[in-house]
Structure formats: C-alpha cells, structure tokens
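Student: sharing a sequence plus its predicted fold:
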Amino acid sequence: MEFLSCFPGWSPMACSQLTATSASRVQESESEAKVDGETASDSESRAESAPLPVSADDTPEVLNRALSNLSSRWKNWWVRGILTLAMIAFFFIIIYLGPMVLMIIVMCVQIKCFHEIITIGYNVYHSYDLPWFRTLSWYFLLCVNYFFYGETVTDYFFTLVQREEPLRILSKYHRFISFTLYLIGFCMFVLSLVKKHYRLQFYMFGWTHVTLLIVVTQSHLVIHNLFEGMIWFIVPISCVICNDIMAYMFGFFFGRTPLIKLSPKKTWEGFIGGFFATVVFGLLLSYVMSGYRCFVCPVEYNNDTNSFTVDCEPSDLFRLQEYNIPGVIQSVIGWVCATHRGKRSGCTPSRFTASPSPPLPRSLAPLEDSLQVDSNEPLKSKTLPIPFLAMEASWIALTASI
C-alpha cells in the first residue's frame with residue numbers, strides 16, 4: 001500500500017500527520033468498498049431467491065366451482081375446451097353478420113396490433129424524450145389506412161362512389177391526396193429532429209414504417225380476400241384455429257418430447273399431430289365449402305338494394321377437373337388407364353393390372369374385351385373439386401404450428 005510522500009523541508013511531525021491521515025482515508029475507503037460489496041452480493045442473493053410473480057387466474061368463478069374436484073391438468077383441459085367452443089360460436093356469428101362487420105373487425109385488430117408494436121418502441125426509448133414520436137406514428141397509420149381503404153372502396157363500391165359527388169371527387173384525386181398527406185407527415189418528422197438524436201429518431205421512423213408494412217398491408221390483403229369470396233377468408237383462419245386446437249390435443253394426450261425452450265409445454269407430438277390434422281381439415285373444409293355459391297362467389301355491392309349480394313357462376317377452380325399426368329411421373333408410378341366403349345373409366349396402378357386373376361365367366365367375355373389399356377392417349381386422372389386454397393393447407397399448418 002502506498003502513502004503520500006513528504007516534501008523536502010517538511011518537519012517530521014507534519015510528515016507523520018500526513019501519513020496517518022492518508023492511511024485512515026485508505027482504510028475508510030476499503031471498509032466502504034467492503035460494505036458496498038456485501039450489499040451488492042446480498043441484493044443479488046435476494047433477487048435470486050425472490051419468487052417469480054405468478055400470473056393471475058382469470059378463469060370465471062362459475063367454472064372454478066364446477067371444476068373444483070378435478071386436478072389442475074384436467075381442469076385446464078375443460079376450461080380451454082369450453083372457452084374454445086364459445087370463441088368458435090362467436091366466430092360463426094361474426095361470419096353470419098356479413099363482410100362489413102368482418103372488415104370492421106379486421107381494422108380493429110390491425111389498430112390494436114399497431115398499438116402494441118409502437119408501444120414496445122416507445123417504452124424502450126421514452127427516456128430520450130423524442131418529440132412527436134407517437135403522434136407521427138398514429139398520423140402515418142391514418143395516412144396508410146386512408147390510401148388502402150380508399151382503394152378498396154373505389155374498387156368494390158364503384159357505383160355508389162360515382163353516384164355521390166363528394167365521393168367521386170375524392171376517388172378521382174385519391175392517390176394525389178394520399179401522397180400529399182404522407183409528404184406532410186414526412187415534413188413533420190424532419191421538423192421534429194433533434195441534433196443529438198438523429199440516429200435514434202431515424203431508427204424509430206423505420207420502426208414505424210416496418211410496422212405499417214407488416215400490419216396494415218396484411219390487413220388490406222385480408223380484406224381483399226374477403227371480397228373475392230368468403231372461402232378465402234374462412235379457410236385460412238379456420239386452419240389456424242384447427243392447428244392450435246389439434247396441437248394442444250395431441251400434446252395433451254401424447255406429448256412427451258419438448259419442442260422448443262421458449263415454450264416448454266409445446267411438444268413434437270403436438271406439432272406433428274397438429275400439422276397433419278390441419279392438412280386433412282383444410283382439404284375437407286375447402287371441399288365442402290366449394291359446393292356453395294355463398295362461399296365461393298365474390299361479394300358485390302348492389303346499388304339498387306343498397307346491400308351486398310353473392311351470386312355468380314362458380315369458376316373452374318371449384319369444379320371437377322381432369323389433369324394430364326406427365327409421362328415421367330407415369331413411368332415412375334406405373335399407372336395405367338382403362339377405357340370402356342371409347343370412354344376413359346379410371347386409372348389404376350400397374351401392379352394391380354399385372355397381377356394374375358381368375359378367368360371371367362363366358363357371360364362376361366364381351367366386358368373383358370371392352371376393357372383395355374389405351375397407350376396412345378395422354379394419361380389423365382380425375383380430381384376432387386378442391387380449390388387451390390386447399391393446396392395451401394399444409395403450408396398454413398406448418399407456419400401455424402411454429
């Protein structure tokens with residue numbers, strides 16, 4: 001330990017007093033550091049030993065009393081099941097109310113998602129007192145919604161827009177107005193820049209625009225799918241709902257292997273079971289819905305009745321089709337097609353046609369002559385009237401599971 005040295009010419013008494021003073025100060029600093037170290041270690045130990053906050057039980061009291069005799073595992077099962085049925089019933093009611101109610105609900109969900117994401121950025125950087133951050137964020141949301149919903153109204157309510165003079169003017173200059181509103185917001189952002197926080201403000205500016213791209217654009221496409229036919233709205237959402245339910249059920253009964261550390265209760269068994277169940281559900285649901293015009297026809301606004309109508313001739317996408325099987329696949333799978341009286345009756349794997357069979361009775365000999373393999377015509381196979389949307393069921397199942 002080093003102490004202050006005495007300057008030449010100092011008396012021995014002054015030198016000894018200086019040495020004693022420096023020594024006492026060093027001892028005091030060491031004792032304070034020791035106390036501070038003990039305090040820090042004590043606080044760390046207390047933080048580690050402190051119990052984690054337990055989430056509040058939001059289960060209705062009626063269900064708690066009715067399921068009080070069950071274990072926590074089966075109680076959770078019944079609570080989830082009852083609430084799932086209630087939400088599915090609410091989903092059916094919303095669909096029954098029509099496209100306008102669905103469009104309003106999509107817009108409400110969009111605003112809530114935007115609020116959640118913007119709040120994350122604000123909570124992280126609110127200590128910097130960035131001017132107009134939240135104001136500009138909501139202003140840009142208003143501008144983007146004005147642009148997208150204006151395009152939707154112009155496309156699907158064209159007769160109504162042309163009938164009303166104010167709407168006709170807004171429709172004519174819609175894109176110019178949208179661009180002007182965005183330029184006003186950009187100028188407000190430039191005026192709000194603070195010299196010490198340029199980088200941070202541009203970061204939050206990008207945060208807002210990425211949020212708009214993800215949330216608003218996605219909701220706009222959902223609304224477009226809604227007006228192109230209810231099947232394009234119902235099937236994807238139903239596949240997500242089915243995947244969530246079936247993944248929980250397979251995980252509840254068969255789950256043994258953890259899937260990811262982020263969610264310890266998710267299992268590989270639930271992931272795989274939910275995936276295949278969603279694929280089957282998507283195929284069946286799209287097959288059933290494709291037979292009803294109210295689901296496959298675009299939603300159109302009737303100017304005479306001031307209401308939405310769903311009536312059209314279903315496109316070929318929702319009808320039985322015949323597809324040519326490429327020769328490469330034909331050679332790989334070895335399928336052959338039989339014809340009866342010049343008409344194709346179906347395709348059969350070659351392993352069944354090549355297997356020996358007992359001779360037919362004499363009464364059925366003409367039928368045996370009429371059944372033959374025609375190798376000159378292209379190989380075809382009839383398919384079920386399943387729309388192209390059902391082909392996406394596997395992708396929806398995979399993404400929803402993750």
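Tutor: Ah, there it is. Numbers count the residues shown, from 1 in each chain.

Student: residue ranges of the helices in the stretch 1-150 of the chain, please?
Tutor: 12-49, 61-66, 72-97, 99-125, 133-156 (DSSP state H, counting those that start in this stretch).

Student: comparing those, which gets the lowest mean pLDDT score?
Tutor: Sorting these by mean pLDDT places helix 12-49 lowest, at a mean of 49.

Student: nearest residue to Phe252 in space, please, no chain neighbours.
Tutor: Trp77 (6.4 Å; Cβ to Cβ, 6 or more residues apart in numbering). For glycine as for every other residue, the C-beta is placed from the backbone atoms N, C-alpha and C.

Student: tell me, how many residues neighbour the one you found?
Tutor: Residues near Trp77, counting by other Cβ atoms under 10 Å, number 17.

Student: so how far is Asn243 from it?
Tutor: 18 Å (Cβ to Cβ, to the nearest Å).

Student: repeat for Ala86
Tutor: Taking Cβ to Cβ, one finds Ala86 at 19 Å from Asn243.

Student: which of the two has more neighbours?
Tutor: Asn243 (28 against 10).

Student: quick check: mean pLDDT across stretch 221-239?
Tutor: 91.

Student: what's the end-to-end length of that stretch?
Tutor: 18 Å (Cα to Cα, to the nearest Å).

Student: neighbours around the residue nearest to Ile82 when sequence neighbours are not counted, how many?
Tutor: In space, and not counting its chain neighbours, Ile82 is closest to Leu63: 6.8 Å by Cβ to Cβ, 6+ apart. The number of residues packed near Leu63 is 14, by other Cβ under 10 Å.

Student: got it, and the one 4 residues further on?
Tutor: Taking other Cβ under 10 Å as the neighbour definition, Leu67 ends up with a count of 18.

Student: cool, Ile93 as well?
Tutor: When neighbours are counted by other Cβ under 10 Å, Ile93 registers 10.

Student: distance of it relative to Val101?
Tutor: For Ile93, the distance to Val101 - Cβ to Cβ - is 9 Å.

Student: please apply the same query to Gly229.
Tutor: The separation that Gly229 has from Val101, given Cβ to Cβ, amounts to 17 Å.

Student: now do Leu130
Tutor: On the measure of Cβ to Cβ, Leu130 and Val101 end up 38 Å apart.

Student: for these two, indicate the residue with more neighbours.
Tutor: Leu130 (20 against 13).

Student: I'd say that one and Met204 touch.
Tutor: Yes. The criterion here is Cβ atoms under 8 Å, and Leu130 meets it with Met204 at 6.4 Å.

Student: is Glu322 in a helix, a strand, or coil?
Tutor: Using DSSP: H, G, I helix; E, B strand; the rest coil as the criterion, the local structure at Glu322 reads strand.

Student: I'd guessed Gly255 sits against Thr267; true?
Tutor: Yes. Using Cβ under 8 Å, Gly255 makes contact with Thr267 at a distance of 3.4 Å.

Student: can you list the weak-confidence ranges in the stretch 251-400 of the chain?
Tutor: Residues of the stretch 251-400 of the chain meeting the criterion pLDDT under 70: 323, 330, 334-400.

Student: that one: helices as residue ranges?
Tutor: 268-289, 293-296, 327-333, 350-353, 365-370, 388-391, 393-401.

Student: so what pLDDT did Asp57 get?
Tutor: pLDDT for Asp57: 61.

Student: residues near Ile177, how many?
Tutor: Neighbours around Ile177, by other Cβ under 10 Å: 16.

Student: one more: the one 10 residues further on?
Tutor: Per other Cβ under 10 Å, the neighbour tally for Cys187 reads 10.

Student: how many neighbours does Phe202 have?
Tutor: 12.

Student: three-state assignment of it?
Tutor: Following three-state DSSP, the label given to Phe202 is helix.

Student: tell me the contacts of it?
Tutor: By Cβ atoms under 8 Å, 6 or more residues apart in numbering, the contact set of Phe202 is empty.

Student: would you quantify the distance from it to Thr208?
Tutor: In this view, Phe202 and Thr208 are 11 Å apart by Cβ to Cβ.

Student: cool, Met289 as well?
Tutor: 38 Å.

Student: now swap in Phe92 and tell me
Tutor: 36 Å.

Student: the more surrounded of these two?
Tutor: Neighbours per residue, other Cβ under 10 Å: of Phe92 and Thr208, the larger number sits with Thr208, 23 against 11.

Student: so what's the more buried one up against?
Tutor: Residues near Thr208 by Cβ under 8 Å, 6+ apart: 118, 121, 136-137, 140.

Student: name the nearest residue to Pro131, ignoring sequence neighbours.
Tutor: Ser192 (4.7 Å).

Student: right, and the one you found touches Leu200 too?
Tutor: No. Under the criterion of Cβ under 8 Å, Ser192 is not in contact with Leu200, lying 12.0 Å apart.

Student: among the contacts of Thr208, which two are most distant?
Tutor: Spanning the widest gap among the contacts of Thr208 are Gly121 and Phe140, at 13.3 Å by Cβ to Cβ.
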